[in-house]
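Colleague: Need a 3D model of the following:
(2 chains)
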Amino acid sequence: MKILRIAFKDLTVAFRDRTGLLLMLAAPVVLTFGMALVSGRMTGSSGPTLADIPVIVVNRDDGEIGQMLVEAFSSDALAGLLDVGILQDAAAARTEVDQNRAAAAVVVPAGFTEAIVGGQAPDVRIEVYANPEREVSAQVVTAVVESFVQQIELGRVSGQVAVEHMLAAGLIAPAQAQDIGMRVGAQAADVDSGATLRLVSTEDSVSAEVEFDPMSYFAPSMAIFFLMFTVSLGGKSLLDEKSTGTLGRLSSAPIGEAAILAGKMLGIYLTALAQMTILIAVNALVFGVTFGDGLAVFALVAALAAAATGWGILLAALARTPSQVTTMGSAMMLTFGVLGGNFVSITGMPEWFRWIARITPNAWGLDGFVALGLGDGLPQIAGTLAALLVMAALLFLASVWLLRRRGVLHG
Amino acid sequence: MKKILAIAWKDTVIRFSSRTEWLFFIVLPVVFTLVINFGVGSAYGSDGDSRIPIFVVDQDGGELARDLIAALDSSETVRVKLTGAAEAERGFKEREAPAILVIPAGLDEAQAAGEAIDLQFTAAAGNTDAVAAQQAVQAALGAVGRSLQAAGIITAAAEEIRPFADDFARQAFYDAAKADAQSRFALRPEWIAVTTAAPAAAEEYAWTPAGQASAGQLITWVFIPLLAISEMFAYERQQGTLRRLVSAPIGKAAALLGTIVGQLATALVQMILIATVGTALFGLPWWREPAATLAMFAAFGLASVAFGTMLGTFVKTQAQAGGISLALGMSMAMLGGCWYPRELFPDIVQKITLALPTTWSMLGMNAILLRGQNLAEVLPVAGVLCGFAAAFFAVGLLRFRYE
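Modeller: Below you'll find the predicted structure:
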C-alpha cells in the first residue's frame, strides 16, 4: 500500500508538470505528425515514396523513337510518378536542373532513331542530366529511360533474330523479311506486350497477406525516443527528493528502504507505461497507425517501459546531483535514439553497430513493433520481451546495489 | 558596441556554465556525425564489397534462376546473399539487408509455357537503399527476361506462319532464338549517357549518404541549441536580471543584438568544428569554397539565433523554453530534410517546407557539398535566410519585454 502511494504520488506529479508533458506527450506527437507529413500519410500515401518527380524532356530527334520516348514519359502509366515538362532547348533544360527545379533533364539527340534502326555503334546517346540533390529521383528517371531503351532494343533484336531464324527455317521468303522483321519488332517493342519476369513489390511484408504500415515504425520510434526522457526525469526526481530533503523525511517515517525504492521505481514505471499507452492510443486514433495484435502490443509496451525504467534508475544511481541526471539523461536519450534506429534505420549498419544497439531498449522495442506490424503475435515477439525484461532486471539489480552503496535512500 | 559585446560575452558565459551545453555544442554533434557517417559509410562494406546486399531465396534452382542470380550478382548496385526463406526473414528482421527477392519454384516450366512469372520483392520501409536495390533487380530481370520475351514472341510469330512438327521442334526453335537474342543483347551499345549537374568536378561532388548526414547533423545540432537561446531569456526574466537592464542606458535592440552576436559567434565556431570533422574524416568538400561555406554558416546561424530570440519572447519559463526548443528544433530539422532527403516528401509538403529556415539551410549546404557552388551562387539562398532572420528579429523586438 505504501509502495503504491509513493508510486501514485510520483505519477500525479509527473502528469501535473506541464513542461514535462510537453516533452513526454506533445513533442512525440508533433514529431509523429511531421513524420506523417513527410511520409505522405497526411496526403493519402501509404509511405515515403517518390511521386511527381519533375523531369524535363528535350526531343531533338526527327525520327519515331524520339517521339515515342516523349509519349512514354507523358503516358498515363507514368503520370503519378513523373511530372514531365517538354522543352525545345537542351541548355534551358539543364538550367532547370541546375536551379534545382527538376530532378533530371532527358535530352534525345538528333539522329537517334537513325542510329538505333541502323544498329550502329552510337556517337549519339540519350543524355540524362541528373540533379545531385535529388539522387533517388534522378536514378528513377534514368531507370525509366533505361527501360524505354531496353524495350526499343527488344524490338530491334527481336526483328533481326525473327528474320534470320525464319529465313533459315524456310518459314518466309526473303521478300517477306522486312515486313516480318517490322511486325515482330513492333510487337516486341510494344510496352504492353508483357514482360516475362515481373517484379511484385511489397514494403516490409515478409508474409504476403499483411501490408506493413511504415508509420508502425516511425510512430513508435518517436514514442520510444521520448520515453527515455521520461525515465531520466523519473531518475532525476529521486535525487531531487534527496536534495530537497523529502527522501530523508520518508526514511524517518515507518517505511522501509526497500519500500521507498520500490515505490519510486513503480512511480517511474507507471509514468513510462502511461506515456507509451497514451502515445500508442493517439497514434492509432489520430494518425490511423496499425500496431497489430492489441495484447501483444500491451505486453511489448509493458516490457519496454520496464527496461527504460531500469535505465532511468541507473542514471539516478550513477549521478550525484539532479543536474547531472539531466545532462546524462539528455546524452542517453539522444545516443540511444541514434543507436536504436529512432532517427535513421540501422538496417545495413555494420554488425558491430547492431550489436551495440542491443544495449538500448529502443532497438528491441522497435524490433517488437516492426514484428507486430508485420502480423506477428505474442509468441513471435517472446524473445524480444524476454530481452527487455532481462535488461530491466539487470539494470534494477545494478541500480539498487549502487543506490544502497551510496546511501542515497538515507536522504 | 561595447555594450553589445559585454552582453554577448555575458550570455556566452551563462550558456557554457552548464555542462549540458558542452554536450550539445560539440560532443553530440561530432558523435552523431561519426556514428552516422561511419555507419553509413561502412555499411555493407566491411568485407570490401560496398554493394547493397539483398537476400535472394531461390525456390526454383533451375537454369533461369541461376541466370537471374548471376545477372544480379554482376550488378554494380546490389550483391546477392543466397539463402533459405527462414534465414532471409530472420536477417531481414535483424536489418542485415534492406530487401528480399523470392524466385518462385516452377520458373523453367512457366517459361516453357510462355507464362509470365511473378517474383516477390520485399523492401524495408522508408529505406532508400531498398529503392535503389529494387531498380537494380528490375534491371537484372529486364536483362535476363528480354531474351526470353524475344524468343517467345518470335516463336509465336513463327508458329502463326506454320505450326511446328512437334514440341521438340518448337523448343529447339525457341532455344536457338533465345541464344541468338541473348548474344545480340550482350553486344548492345550504350545508348544512354548519365551526367551530373556538378560542372566543376562531377565525380568529386557525387551524392553520398555521408554528405547528407553531415549537413543534416550540422543543421540539427546547431539549430537546437540556438533555439535554446529562448531558455536564456526565460532564465534572465526569472532571475530578474532583464528587469535591471531597464535602469541601464541600453535599448531593446542593443540588448537583443548583444545576445544574438554572442550566440552567433559560438554557433559559427561549432559549425566550423563539425564541418572540419566531416572534412578530415570523410573527405567532404566543406572547404572547397570557404567563402561560400562561411557565408552559408553565417546566414543559417543568423536565422536560427533570430528564431530562438523570437521564441524567447513567447515562452514563460526556462523549462518550457527547453522543451519547446527541443521539440520544435527536431521537427523543423526533420521537415527541412536534415534526416531524410526532401525529394522523398510529397510534392505539397516539399512546397510547404520552403517556409522553414532549416529547408533553405539544407538547400544551401547541399549546393556547396554536392554542386561545389561558390559564394556568388549561394548568395541567393543566404539572402533568403537573412530575410528569415530579419523577420524573426523584428517580431522578437516587437514582443520583447524586460519582465
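Colleague: From here on, just use CA atoms for contacts and neighbour counts.
Modeller: OK.
Colleague: If you count contacts, what does the helix ranked longest in chain A end up packed against?
Modeller: Looking across chain A with DSSP state H, the single longest helix is helix A:135-168. For helix A:135-168, the packing partners by 3 or more C-alpha pairs under 8 Å, 6 or more residues apart in numbering or on different chains; DSSP states H and E come out as strand A:104-108, helix A:177-189, helix B:128-161, helix B:167-186, strand B:192-196.
Colleague: Now the helix or strand following the first one: average pLDDT?
Modeller: The one in question is strand A:104-108. On the C-terminal side of strand A:104-108, the closest following helix or strand by DSSP states H and E is helix A:112-118. Average pLDDT, helix A:112-118: 78.
Colleague: Ok, stretch A:303-313 next?
Modeller: The average pLDDT within stretch A:303-313 is 95.
Colleague: same question, stretch A:382-402
Modeller: Rounded mean pLDDT across stretch A:382-402 is 94.
Colleague: contacts for that stretch?
Modeller: Here stretch A:382-402 makes contact (C-alpha atoms under 8 Å, 6 or more residues apart in numbering or on different chains) with A:299-300, A:303-304, A:306-311, A:313-314, A:317-318, A:361, A:364-365, A:367-368.
Colleague: restrict those to contacts with chain B.
Modeller: A:D367 (C-alpha under 8 Å from any C-alpha of the partner chain).
Colleague: Neighbour count says what about the contacts of stretch A:382-402? Which are buried?
Modeller: The neighbour count (16 or more other C-alpha atoms under 10 Å in any protein chain shown) marks A:300, A:303-304, A:306-311, A:313-314, A:317, A:361, A:364-365, A:367-368 as buried among those.
Colleague: returning to that earlier point: buried deepest among the helices and strands packed on helix A:135-168, which one?
Modeller: Of all those, strand A:104-108 carries the top mean neighbour count, a mean of 30, counting by mean count of other C-alpha atoms under 10 Å in any protein chain shown.
Colleague: Does chain B have contacts with that one?
Modeller: No - residues of strand A:104-108 are not located near chain B by C-alpha under 8 Å from any C-alpha, the shortest gap being 8.8 Å.
Colleague: So for that strand, mean pLDDT?
Modeller: 91.
Colleague: That strand to helix A:135-168, inter-axis angle?
Modeller: If you take axes from the mean of the first three to the mean of the last three C-alpha atoms, to 10 degrees, strand A:104-108 sits at 30 degrees to helix A:135-168.
Colleague: May I have strand A:104-108 as PDB, with CA atoms only?
Modeller: C-alpha atoms of strand A:104-108 as PDB (Å, rounded to 0.1, in the frame of the first residue of the first chain):
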ATOM      1  CA  ALA A 104      16.800  15.400 -64.300                       C
ATOM      2  CA  ALA A 105      16.700  16.600 -67.900                       C
ATOM      3  CA  VAL A 106      16.400  13.900 -70.600                       C
ATOM      4  CA  VAL A 107      17.800  15.000 -74.000                       C
ATOM      5  CA  VAL A 108      17.200  12.800 -77.100                       C
END
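Colleague: Who does it pair with, and is each partner parallel or antiparallel?
Modeller: Here strand A:104-108 has these sheet partners by DSSP bridges: strand A:53-59 (parallel), strand A:126-130 (antiparallel).
Colleague: buried stuff in the shortest one?
Modeller: By neighbour count on 16+ other C-alpha under 10 Å, the buried set for strand A:126-130 is A:I126, A:E127, A:V128, A:Y129, A:A130.
Colleague: What lies in contact with that strand?
Modeller: Under C-alpha under 8 Å, 6+ apart, the answer for strand A:126-130 is A:94, A:97, A:103-109, A:112, A:138, A:142, B:191-197.
Colleague: How about the first one?
Modeller: Around strand A:53-59, the neighbours that count as contacts under C-alpha under 8 Å, 6+ apart are A:66-67, A:70, A:81-90, A:93, A:96, A:101-110, A:137, A:141.
Colleague: related to what we said a few turns ago, pipe the buried residues of strand A:126-130 into JSON lines and attach pLDDT per row.
Modeller: Shown next, in JSON lines, are the buried residues of strand A:126-130 (pLDDT from 0 to 100):
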{"residue": "A:I126", "pLDDT": "87"}
{"residue": "A:E127", "pLDDT": "88"}
{"residue": "A:V128", "pLDDT": "89"}
{"residue": "A:Y129", "pLDDT": "91"}
{"residue": "A:A130", "pLDDT": "87"}
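Colleague: Most widely separated two among these?
Modeller: A:I126 and A:A130 (12.4 Å; C-alpha to C-alpha).
Colleague: Quick check: phi and psi at whichever residue of the stretch 1-150 of chain B sits closest to chain A.
Modeller: Ranked by C-alpha to the nearest C-alpha, the top residue of the stretch 1-150 of chain B for proximity to chain A is B:R95, at 4.0 Å. Note on B:R95: its backbone torsions stand at phi 70, psi 30 [degrees, to the nearest 10].
Colleague: helices and strands of chain A: which one bottoms out on pLDDT?
Modeller: In chain A, the helix or strand scored least confidently by mean pLDDT, DSSP states H and E is strand A:197-203, which has a mean of 66.
Colleague: And the helix or strand following that one, what's buried?
Modeller: Once the chain leaves strand A:197-203, the next helix or strand it forms, by DSSP H and E, is helix A:215-244. Residues of helix A:215-244 classed as buried: A:215-242 (neighbour count, 16+ other C-alpha under 10 Å).
Colleague: Quick one: residues contacting A:V117.
Modeller: A:R156.
Colleague: Look up how far A:D62 lies from it.
Modeller: 13 Å (C-alpha to C-alpha, to the nearest Å).
Colleague: ditto for A:A259
Modeller: Computed with C-alpha to C-alpha, the distance linking A:A259 and A:D62 is 87 Å.
Colleague: What of A:I280?
Modeller: 59 Å.
Colleague: In terms of neighbours, single out the busier of these two.
Modeller: A:I280 (23 against 15; other C-alpha atoms under 10 Å in any protein chain shown).
Colleague: Report pLDDT for the more buried one.
Modeller: pLDDT at A:I280 comes out at 94.
Colleague: Surely it and A:P220 touch.
Modeller: Yes - here A:I280 reaches A:P220: they are 7.4 Å apart, a contact under C-alpha atoms under 8 Å.
Colleague: which residues touch the residue lying farthest from the centre of chain B?
Modeller: Within chain B, B:A165 marks the point farthest from the mean C-alpha position, 59.8 Å out by C-alpha atoms, centre = their mean. Counting by C-alpha under 8 Å, 6+ apart, B:A165 touches no other residue.
Colleague: ok so it is a helix residue?
Modeller: No - going by DSSP: H, G, I helix; E, B strand; the rest coil, the assignment for B:A165 is coil, not a helix.
Colleague: what about it, distance to chain A?
Modeller: Per C-alpha to the nearest C-alpha, to the nearest Å, B:A165 is found 12 Å from chain A.
Colleague: Please name the nearest non-neighbouring residue to residue 69.
Modeller: Using chain A here. Spatially, and ignoring its direct neighbours in sequence, A:L69 is nearest to A:F148 (7.1 Å; C-alpha to C-alpha, 6 or more residues apart in numbering or on different chains).
Colleague: wrong chain, I was asking about chain B
Modeller: B:V80 (7.2 Å).
Colleague: How about B:V194?
Modeller: A:V128 is the one closest to B:V194 (C-alpha to C-alpha, 6+ apart), at 4.7 Å.
Colleague: List the contacts of the helix or strand A:G329 falls within.
Modeller: Taking DSSP H and E as the criterion, A:G329 maps to helix A:322-339. Around helix A:322-339, the neighbours that count as contacts under C-alpha under 8 Å, 6+ apart are A:225-226, A:228-229, A:232-233, A:235-237, A:239-240, A:312, A:315-316, A:319, A:343-344, A:346, A:353-354, A:356-357, A:360, A:362-363, B:19-20, B:23, B:28, B:32.
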